[in-house]
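**Student:** pasting the sequence and the predicted coordinates here, then a few questions.
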Amino acid sequence: MGRCSWKENYGSNDYAIAGLVWSAESLDLSDISLVQLKHGLVGFTMGSFWRSGANWTVSVLLCATVRALGSVVYVLITSFLIRENLFALITMNLHAALTFIFTAAGIYTVPSMEAIYAIFSILVYINNGCFTFLLHILYAAFLSRLGMKASLTLPRWLEKAI
């Protein structure tokens, strides 16, 4: 993890080594799943896309998808470990909040659970999309400062800013 080279399987080797180190250090399943599912897979995916020279927009959208799926699996694992249905808790709170907002606005209707699930999914994806977009900007600036700008394919607006 301390080396910085552009070898063929740099990302996958470091991903595997990081997983082994974190597993040996903490032995806490929820911590391992958080780091691996939410951060490790996104880093691996982003590194793979950048190495292949993929379009930046495609990279942001697919990394957001990977992070959203990792977040959902993390909540599932955490729900199993604490023996509590966190998705039910989240959707009930969202349902109560929307009902309160509708009532305060003078709209006397109750949102359906399908609408709640759709809103929840959209909010999770927007949150992860914003995070991965900012992560792309941060890494682009960081790698450009390290002198690796030639190996990056950046949008024109970001190249001008950097």
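**Tutor:** Thanks, I have it.
**Student:** how about V110, secondary structure?
**Tutor:** coil (DSSP: H, G, I helix; E, B strand; the rest coil).
**Student:** how many residues are close by it?
**Tutor:** By other Cβ atoms under 10 Å, the residues close to V110 number 12. (C-beta placed from N, C-alpha, C; glycine too.)
**Student:** got it, and S144?
**Tutor:** Counted with other Cβ under 10 Å, S144 comes out at 16.
**Student:** tell me the buried residues in the host helix or strand of it?
**Tutor:** Following DSSP states H and E, the helix or strand that holds S144 is helix 113-145. Neighbour-count burial for helix 113-145 flags 116, 124-125, 128-129, 131-133, 135-137, 140, 143-144 (criterion: 16 or more other Cβ atoms under 10 Å).
**Student:** next, format those as a markdown table and append distance to A88.
**Tutor:** Formatted as a markdown table, these follow (distance: Cβ to Cβ, whole Å):
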| residue | distance to A88 |
| --- | --- |
| I116 | 11 |
| V124 | 16 |
| Y125 | 20 |
| N128 | 21 |
| G129 | 25 |
| F131 | 25 |
| T132 | 27 |
| F133 | 30 |
| L135 | 30 |
| H136 | 34 |
| I137 | 36 |
| A140 | 39 |
| L143 | 42 |
| S144 | 45 |
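**Student:** how about the residues you listed in CSV, adding pLDDT and distance to G47?
**Tutor:** CSV is the format used below for the buried residues of helix 113-145 (pLDDT from 0 to 100; distance: Cβ to Cβ, whole Å):
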residue, pLDDT, distance to G47
I116, 90, 35
V124, 92, 23
Y125, 94, 22
N128, 93, 17
G129, 93, 18
F131, 92, 16
T132, 92, 13
F133, 90, 16
L135, 89, 12
H136, 87, 12
I137, 84, 16
A140, 80, 13
L143, 76, 11
S144, 75, 16
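**Student:** ok, the residues you listed vs A104, which is closest?
**Tutor:** Nearest to A104 among the buried residues of helix 113-145 is I116, at 17.7 Å by Cβ to Cβ.
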